[in-house]
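>>> Sequence and predicted model, in that order:
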Amino acid sequence: MQLNSRIDLMNWLTGQGLTGLPEPELLRGFCERCCAEGLDLSRGLVVIDTLHPIYEGRAFRWSDVPTNESDVVEYGSTAEGDAAKNWRRSVFFHLLEHGEDEMLIDLAGHEKLNFSQIGDLAEKGHRHFLAFVHRFGETGALGQMDCLYSYWTTRRDSGFTEGELAALRDLIPVLGLAIKSAQQVDIARTLGRVYLGRDASEQVLRGRISRGVTERINAVLWYSDLRGSTGISESIGPDEIIPFLNDYAQAVIDAIHDAGGDVLKLIGDGVLAMFTGEDMMASRRAALRAERLFRKNVVALNARRTADGRPVTSAYIGLHVGEVFYGNIGSEDRLDFTVVGPTVNEVSRIASMSRSVDRELLASAEFYMGLDATGRRYLVSTGRYALRGIGRAQDLYTLDPDIDTSEPVTGSYERYLAG
């Protein structure tokens, strides 16, 4: 590849990296342009670790022939099991262990080597294999994202030429920088969603990070906390407390997300969430749908935990509707993007009252009155209560017990929630 062609490709990679072209498209565009300039690539693989609560990293693949492989693979931990064995047999692990940056392998002699994937590549007609490890500096690493790994193959019988090897040594770092940039954006979005919630994360990433910048919104608020969690935590071993909390948090959060809500805050075993939209009646129905999904999640979870001999529980849920301030609250260097206002205090008190009156769901009069006539049929009054710290008493409502005891009512209610 001529110098001008290399410069053109570097410029393309830089431009596309700045515009945020997705990683698979970056890799495909890079490989196709290399081939067009006579650098006869047959396969390319780029691997980079990330910062994610589930995945250890991602791999991006390109091939010169159609395959059933996905362009993107998200992989879990390589610290144990078969994944660890495969990693330790990889060329990349060998390079790291020996402090080397690249390795060129003639696949015609792959039988002499004990590296994973080499034999499969040879059987598919690839002739030369070139692997790189590009290490990041200490300030350029994020968690386990401290290297870019890649390999490249050609089917040409004579393999890569010295000029092609030199071109790849020049070009791959630029490709790696573009992919690393895209991954850093993805990490920022992932951390935002995980720690702030989906909507709050989008607000922050769009630039709403100034202290005191809030907006008044109408929202359906959800507050839930676990039944008897203190007693259960005291009765189980310390190493069981976090799995216990995680199991039930997963059941709550999955239900809220599946119903279209946003989780704003985890407070011990409590969850604060909101449902918003132009149609507040639809938001109320979404909150009821989340409650129903949560109960189903708990049935499955409790069956699994009971089979394992682990303690089980459920949760008290309070639902309320009103105006809240939504935005950044805190100090100059430590902010929380959340909701505040009397409505937030009231929904937590309603959830607490659920415990006092032994009802798994309590909804405020504001929530009840905003439902349509059909929806109001499924809620019944539990009486009028003075909530702690709230100046006025109010009527509270719970689900009609017939929903769980009468099949016709159950079916009717679930059709209403799905509507």
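Sure, I can see it.

>>> three-state assignment of the closest residue to Ser364 other than its chain neighbours?
Spatially, and ignoring its direct neighbours in sequence, Ser364 is nearest to His320 (4.4 Å; Cβ to Cβ, 6 or more residues apart in numbering). All C-beta spots, glycine's among them, are computed from the backbone N, C-alpha and C. Assigned with DSSP: H, G, I helix; E, B strand; the rest coil, His320 falls in the strand class.

>>> Same question for Ser150.
When classified by three-state DSSP, Ser150 comes out as strand.

>>> do Glu291 as well
Assigned state for Glu291: helix (three-state reduction, three-state DSSP).

>>> Can you verify my assumption that it contacts Leu361?
Yes - using Cβ atoms under 8 Å, Glu291 is in contact with Leu361, at 5.8 Å.

>>> Which residues are in contact with each of the two?
Jointly contacting Glu291 and Leu361 under the rule Cβ atoms under 8 Å, 6 or more residues apart in numbering are Ile317, Leu319.

>>> Report the beta-bridge partner residues of His134.
Note on His134: beta-bridge partners Leu148, judged by DSSP bridges.

>>> okay, now it: neighbour count?
A count of nearby residues for His134, using other Cβ atoms under 10 Å, gives 17.

>>> Correct me if wrong: it contacts Leu148.
Yes - counting by Cβ under 8 Å, His134 touches Leu148, with 4.5 Å between them.

>>> got any residues that touch both of these two?
The contact sets of His134 and Leu148 overlap at Gly176 (Cβ under 8 Å, 6+ apart).

>>> and stretch 145-160, which residues are buried?
Residues of stretch 145-160 classed as buried by neighbour count (16 or more other Cβ atoms under 10 Å): Met145, Cys147, Leu148, Tyr149, Ser150, Tyr151, Trp152, Thr153, Thr154, Arg155, Gly159, Phe160.

>>> cool, and stretch 293-311?
Leu293, Phe294, Arg295, Asn297, Val298, Leu301, Asn302, Arg305, Pro311.

>>> want to throw the residues you listed into a markdown table with pLDDT and distance to Thr190?
Shown next, in a markdown table, are those (pLDDT from 0 to 100; distance: Cβ to Cβ, whole Å):
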| residue | pLDDT | distance to Thr190 |
| --- | --- | --- |
| Leu293 | 97 | 24 |
| Phe294 | 97 | 24 |
| Arg295 | 96 | 29 |
| Asn297 | 97 | 23 |
| Val298 | 97 | 27 |
| Leu301 | 97 | 25 |
| Asn302 | 97 | 30 |
| Arg305 | 96 | 29 |
| Pro311 | 95 | 32 |
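
>>> Adding distance to Tyr413, write the buried residues of stretch 145-160 out as JSON lines.
Conversion of the buried residues of stretch 145-160 to JSON lines gives the following (distance: Cβ to Cβ, whole Å):
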{"residue": "Met145", "distance to Tyr413": "47"}
{"residue": "Cys147", "distance to Tyr413": "54"}
{"residue": "Leu148", "distance to Tyr413": "53"}
{"residue": "Tyr149", "distance to Tyr413": "53"}
{"residue": "Ser150", "distance to Tyr413": "55"}
{"residue": "Tyr151", "distance to Tyr413": "56"}
{"residue": "Trp152", "distance to Tyr413": "59"}
{"residue": "Thr153", "distance to Tyr413": "59"}
{"residue": "Thr154", "distance to Tyr413": "63"}
{"residue": "Arg155", "distance to Tyr413": "62"}
{"residue": "Gly159", "distance to Tyr413": "68"}
{"residue": "Phe160", "distance to Tyr413": "66"}
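
>>> from those residues, which single one is nearest Gly212?
If you rank those by distance to Gly212 using Cβ to Cβ, Met145 comes first, at 33.9 Å.

>>> count of neighbours near the residue lying closest to that closest one once chain neighbours are set aside?
Excluding its sequence neighbours, the residue lying closest to Met145 (Cβ to Cβ, 6+ apart) is Asp49, at 4.7 Å. Asp49 has 21 neighbouring residues, counting by other Cβ under 10 Å.

>>> give me phi/psi at Asp49?
With angles defined as degrees, to the nearest 10, Asp49 sits at phi -70, psi 160.
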